[in-house]
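Chemist: Just a sequence and a predicted model for now, questions to come.
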Amino acid sequence: MRGPGKAIASLVLAILAPLGLVITRPLAAFALLLTFPYNGPSKLPWVAPLVLWSLPMILGSISTGLAIAVIRDAKQQGSAKGMSTASLCVSGVVFVIGLLLSTSLILMMH
């Protein structure tokens, strides 16, 4: 796949990552319910964040790798680098949102 194709794929995957958070959020809440402690601290506080991050992490990692490959290629000019930069920005925002959601899930376990 050449530069513009990689840049477009990177941007599409970066845009799909927040949808992955939307899809996995109810599943993470269900995992939180299943691992909720009735007495004392939870022995499995990592399960809900793991479920939350499962799909967005895959999409974000592939998107970031493609974007970095396009930016490193010195021959690419214009829109390909712009789309890759936008992809990295979207991936960063998704990471921060996911981190906040993970923190809220962990705080619910205590």
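Modeler: Arrived safely, thanks for sending. Residues are numbered from 1 along each chain as shown.
Chemist: for this structure, which spans come out with low pLDDT?
Modeler: For the chain, residues meeting the criterion pLDDT under 70 lie at 1-3, 74, 76-77, 109-110.
Chemist: Helices of that one, start to end?
Modeler: In the chain, the helices defined using DSSP state H lie at 3-34, 47-72, 79-108.
Chemist: Out of the ones you listed, which gets nearest to Gly40?
Modeler: helix 79-108 (15.1 Å; CB to CB). For the C-beta atoms, the positions are set from N, CA and C on the backbone; glycine is no exception.
Chemist: CSV please, covering the helices of the chain and showing mean neighbour count and distance to Gly40.
Modeler: Converted to CSV, these look like this (neighbours: other CB atoms under 10 Å; distance: least, CB to CB, whole Å):
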stretch, mean neighbour count, distance to Gly40
helix 3-34, 18, 16
helix 47-72, 19, 16
helix 79-108, 17, 15
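Chemist: what about these, which gets the closest to Pro41?
Modeler: Ranking the helices of the chain by proximity to Pro41 (CB to CB) places helix 79-108 first, at 11.3 Å.
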